[in-house]
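Colleague: this one's sequence-less:
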């Protein structure tokens, strides 16, 4: 049983390093910070590594100040959460080769099962749901900090319980986290009802430049370096802007292309029937059926042309 | 016990009329339609009365086609849901005087306890939570339709689980409703994730033209006739756009001025300390301390100048 192996490895480990993906989101950060506190309660020596900056919006979360950039090589167990593949870990992928034991906790269907122990539950709406269960099974008491961290993960990865991935178990977890001290008001106001003026100006630009294709079934958005410069924003500010396109009544697929040096970071969302995981794979990426992404060398113009062509086929237009 | 009296009255009744408030919202409509199906399962003769139109957005809900305007006077039991007082019922308040028994199910702290049996639970995040419990206690099986109706009530009255009124019980109810067939995807997409392209373009224009004043404490927005024409939108599309300004982290007061023939329609929102009811009164309007409005003859330019001056004083800038 993989679960028993995981539990044994955690119980035996002395020094544990917990990692999540670059461009960290609420779910990834929620998982690593919750695990930090939980594993400390088991008297483990725990460190957190993310090969990227923590977005401002999540800095109110407990233990985000423990997140470090250079990693500690001496860990005897690595736990990766919410990372579909080793590329997503940034520099931590080198550490993965060195540690004798590793655990991969994730909910992405594109997960490449890269660790010595892989626990991938694609029915989970967030990795935080899985970490919640793991903490329970390890017999660690939930507390206000753990509850807050996991609650952030649960609400951000489900679009505040609005995505179809939301199950009755998601609500069971959320209810238990609230009972253990997660503040709905504080977290909602901090994450969802709080926006920087510069990000709002970026949203305005994206909406103004948005294009519809194929009878309004595609919402196409792009962000160039010039957009970032003119609005004084950066890559992390792009999060969730794609939803403005997705929410248009006529739209089936929303596409967001972001200029990133010689690469283009693509995000795809669909509403009812287009498999955007399949589309993202064409560009070397992946994710979920309704939400996926990729990072591809090239210009926005090239990628735009190719992706519209591929979606056209999917839509039978 | 009021609960036993309520249950007995429902069991004994032959003809039941269920009512909710004018300007009906998701919670009111969710309650009356869920009760319609549930009480039919107890072989009652049920009618629904709302003294107003059902908003387009809720017409996808089961049994909304059973909602009638003229009411049936022959009921022996009236159940009012989500009505804080009899004025909120519109014409149904006249029927309330005629029926021998009435039940008042609500969660508003301002409830005036107007029925022969009053069941007001101010800790409930929605009236749908209370109706859910009532249906369970009556031993009526939940089904897909009842679950959908109540789920709409739960999500709309809690701002999709974001308001501080959300409890672990709210999540317990939501989870059970999902288990009984409420579709998260369908309901979220229909109510929350649906916007016309034209309205989105109006939002983009408003954001692009938005101005901050007094160290970012004021977000100033305006919509001219030209904005409406260029985006193919109308007055009703302005709803909620002011929140884009309000949600900016630095902002205390958001101002929206909309051109309306020779008049200007002003909306004001504040976050923590400015009394915008007082401000709106200076322009012949009013409302609440944190949300108010006015309609004033003049040009946007004139009103803008005056309002910024008044807010400057309030802010001690």
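Modeller: Sure, I can see it. Predicted model only: the values in this text are computed from it and were never measured.
Colleague: residue A:222 belongs to a strand, doesn't it?
Modeller: Yes: checked against DSSP: H, G, I helix; E, B strand; the rest coil, residue A:222 lies within a strand.
Colleague: neighbours around residue A:43, how many?
Modeller: 8 (other CB atoms under 10 Å in any protein chain shown). Yep, even glycine has a C-beta here, placed from its N, CA and C like the rest.
Colleague: can you give me phi and psi for it?
Modeller: Backbone geometry at residue A:43, expressed as degrees, to the nearest 10, gives phi 60, psi 30.
Colleague: how much space between it and chain B?
Modeller: According to CB to the nearest CB, to the nearest Å, residue A:43 and chain B sit 30 Å apart.
Colleague: quick one, domains of chain A?
Modeller: A:2-191, A:197-314 (automatic domain parsing).
Colleague: looking at those domains, spot the one closest to residue B:236.
Modeller: Closest approach to residue B:236 among the domains of chain A (CB to CB): domain A:197-314, 15.4 Å.
Colleague: from the chain's centroid, how far away is that closest one?
Modeller: Offset of domain A:197-314 from its chain centre (CA atoms, centre = their mean, to the nearest Å): 16 Å.
Colleague: pick the most deeply packed of the domains of chain A.
Modeller: Across those, averaging neighbours per residue (mean count of other CB atoms under 10 Å in any protein chain shown) puts domain A:2-191 on top, at a mean of 21.
Colleague: I'd like the average pLDDT over that domain.
Modeller: In this model, domain A:2-191 carries a mean pLDDT of 95.
Colleague: who wins for proximity to residue B:155 among the domains of chain A?
Modeller: domain A:2-191 (7.8 Å).
Colleague: how far does the closest one stretch from start to finish?
Modeller: This stretch, domain A:2-191, spans 35 Å end to end (CA to CA, to the nearest Å).
Colleague: show me where the stretch 101-250 of chain A has strands.
Modeller: For the stretch 101-250 of chain A, applying DSSP state E, counting those that start in this stretch gives strands covering A:101-106, A:117-120, A:211-213, A:218-223.
Colleague: about what we covered before: put together TSV for the domains of chain A, with distance to residue B:49 on each row.
Modeller: Output for the domains of chain A, formatted as TSV (distance: least, CB to CB, whole Å):
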stretch	distance to residue B:49
domain A:2-191	31
domain A:197-314	31
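Colleague: that older thread, now distance to residue B:43 too, for the strands of the stretch 101-250 of chain A, in TSV please.
Modeller: As requested, those are exported to TSV (distance: least, CB to CB, whole Å):
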stretch	distance to residue B:43
strand A:101-106	51
strand A:117-120	49
strand A:211-213	51
strand A:218-223	49
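Colleague: can you tell which of those is closest to residue B:209?
Modeller: strand A:218-223 (20.0 Å).
Colleague: can you say which of the strands of the stretch 101-250 of chain A is nearest to residue B:224?
Modeller: strand A:211-213 (24.6 Å).
Colleague: now what about that closest one, what contacts it?
Modeller: Residues outside strand A:211-213 that contact it (CB atoms under 8 Å, 6 or more residues apart in numbering or on different chains): A:218, A:219, A:220, A:221, A:248, A:250, A:251, A:308, B:197.
Colleague: report the two of those separated the most.
Modeller: The distance between the two most remote of the contacts of strand A:211-213 (CB to CB) is 17.6 Å, for A:308 and B:197.
Colleague: SS state for the nearest residue to residue A:190 once chain neighbours are set aside?
Modeller: Spatial nearest neighbour of residue A:190, chain neighbours left out: residue A:60 (5.5 Å); criterion: CB to CB, 6 or more residues apart in numbering or on different chains. When classified by three-state DSSP, residue A:60 comes out as coil.
Colleague: my read: residue A:60 touches residue A:183, true?
Modeller: No: applying CB atoms under 8 Å as the test, residue A:60 and residue A:183 come out as separate, 10.9 Å apart.
Colleague: quick one: residue A:55 from residue A:291, how far?
Modeller: Counting by CB to CB, to the nearest Å, the separation of residue A:55 from residue A:291 is 18 Å.
Colleague: near chain B, which residues of the stretch 51-200 of chain A?
Modeller: By CB under 8 Å from any CB of the partner chain, the residues of the stretch 51-200 of chain A that approach chain B are A:155, A:159-164, A:166-172, A:174-176, A:178-179, A:183-185, A:188, A:192-197, A:200.
Colleague: so which of those sit within helices?
Modeller: Using DSSP state H, the members of those that fall within helices are A:155, A:168-172, A:174-176, A:178-179, A:184-185, A:188, A:197, A:200.
Colleague: looking at these, which two lie furthest apart in space?
Modeller: Greatest spatial distance among these (CB to CB): A:168 and A:197, at 39.1 Å.
Colleague: so how far is residue A:253 from residue A:272?
Modeller: Using CB to CB, residue A:272 is found at 10 Å from residue A:253.
Colleague: ignore what I typed, I meant residue A:146.
Modeller: According to CB to CB, residue A:146 and residue A:253 sit 37 Å apart.
Colleague: ditto for residue A:67
Modeller: 34 Å.
Colleague: can you map out the helices along the stretch 1-150 of chain A?
Modeller: For the stretch 1-150 of chain A, applying DSSP state H, counting those that start in this stretch gives helices covering A:2-12, A:26-41, A:92-98, A:127-137, A:144-157.
Colleague: how about residues contacting the third one?
Modeller: So the one you mean is helix A:92-98. Contacts with helix A:92-98, where a contact means CB under 8 Å, 6+ apart, come from A:17, A:19, A:49, A:51, A:71, A:73, A:75, A:78, A:80, A:86-87, A:89, A:102, A:114-115.
Colleague: what sits against the residue nearest to residue A:156 when sequence neighbours are not counted?
Modeller: Spatial nearest neighbour of residue A:156, chain neighbours left out: residue A:26 (2.9 Å); criterion: CB to CB, 6+ apart. When the contact criterion is CB under 8 Å, 6+ apart, the partners of residue A:26 are A:58, A:152, A:153, A:155, A:156, A:157, A:191.
Colleague: now do 6 Å
Modeller: Residues near residue A:26 by CB atoms under 6 Å, 6 or more residues apart in numbering or on different chains: A:152, A:153, A:156.
Colleague: for chain B, see how far away it is.
Modeller: Residue A:26 sits 14 Å away from chain B, going by CB to the nearest CB.
Colleague: and if you look at residue A:156?
Modeller: Relative to chain B, residue A:156 is positioned 12 Å away (CB to the nearest CB).
Colleague: can you check residue A:229 too?
Modeller: Applying CB to the nearest CB to residue A:229 and chain B gives a distance of 16 Å.
Colleague: and the closest residue to residue A:268 other than its chain neighbours, its phi and psi?
Modeller: Once flanking residues are discounted, residue A:268 sits nearest to residue A:276: 3.9 Å by CB to CB, 6+ apart. The phi/psi pair for residue A:276 (degrees, to the nearest 10) reads phi -80, psi -10.
Colleague: surely residue A:276 touches residue A:292?
Modeller: Yes: using CB atoms under 6 Å, residue A:276 is in contact with residue A:292, at 4.6 Å.
Colleague: who touches both of the two?
Modeller: Residues touching both residue A:276 and residue A:292 (CB under 6 Å, 6+ apart) are residue A:268.
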